[in-house]
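Chemist: here is a sequence together with a model predicted from it:
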Amino acid sequence: MTIDEQTVDKIAHLARLELAADEKQAMIKDMNKILGFMDKLNEVDTTGVEPLVYMTAEPNVLREDVVKQEITTEEALQNAPDHDESHFLVEKVIK
């Protein structure tokens, strides 16, 4: 599979991107390089190789949550563009 300008246009539309003509050409080149690399990986014989889910068998080490700095509600709302006594006020986005 090769990436052409129509494919880049479709992907840019789905990603809500606007690309200039030179950016499209660079994107076509980069995406074709990525696909070429994937084709090289497909040539590797992976029979008998277990799929890798994690890079290490070590368990995840989590830290304790420690409050380092507390701020008051008034301090939190200080830079809010719109607020009442205790809440940020934002425009409704779901109808």
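Modeler: Ah, there it is.
Chemist: against residue 33, how distant is the residue nearest in space to the middle of the chain?
Modeler: Centre of the chain computed as the mean C-alpha position; nearest residue by CA atoms, centre = their mean is residue 15, 11.3 Å away. Using CB to CB, to the nearest Å, we find residue 15 at a distance of 19 Å from residue 33. To be clear about C-beta, it is placed using only N, CA and C from the backbone, and glycine gets the same treatment.
Chemist: which residues touch stretch 63-79?
Modeler: The list of residues contacting stretch 63-79 from outside it, by CB atoms under 8 Å, 6 or more residues apart in numbering, reads 83, 86, 88.
Chemist: returning to that earlier point: confidence score at the residue nearest to the centre of the chain?
Modeler: Residue 15 carries a pLDDT value of 95.
Chemist: next one: residue 68
Modeler: Looking at residue 68, the pLDDT reads 87.
Chemist: likewise for residue 2?
Modeler: 87.
Chemist: do the same with the one 3 residues further on
Modeler: If you check residue 5, the pLDDT there is 94.
Chemist: which residue is the nearest non-sequential neighbour of it?
Modeler: Distances taken as CB to CB, 6 or more residues apart in numbering place residue 24 nearest to residue 5, at 6.0 Å, with adjacent residues excluded.
Chemist: is the one you found in a helix, a strand, or coil?
Modeler: When classified by DSSP: H, G, I helix; E, B strand; the rest coil, residue 24 comes out as helix.
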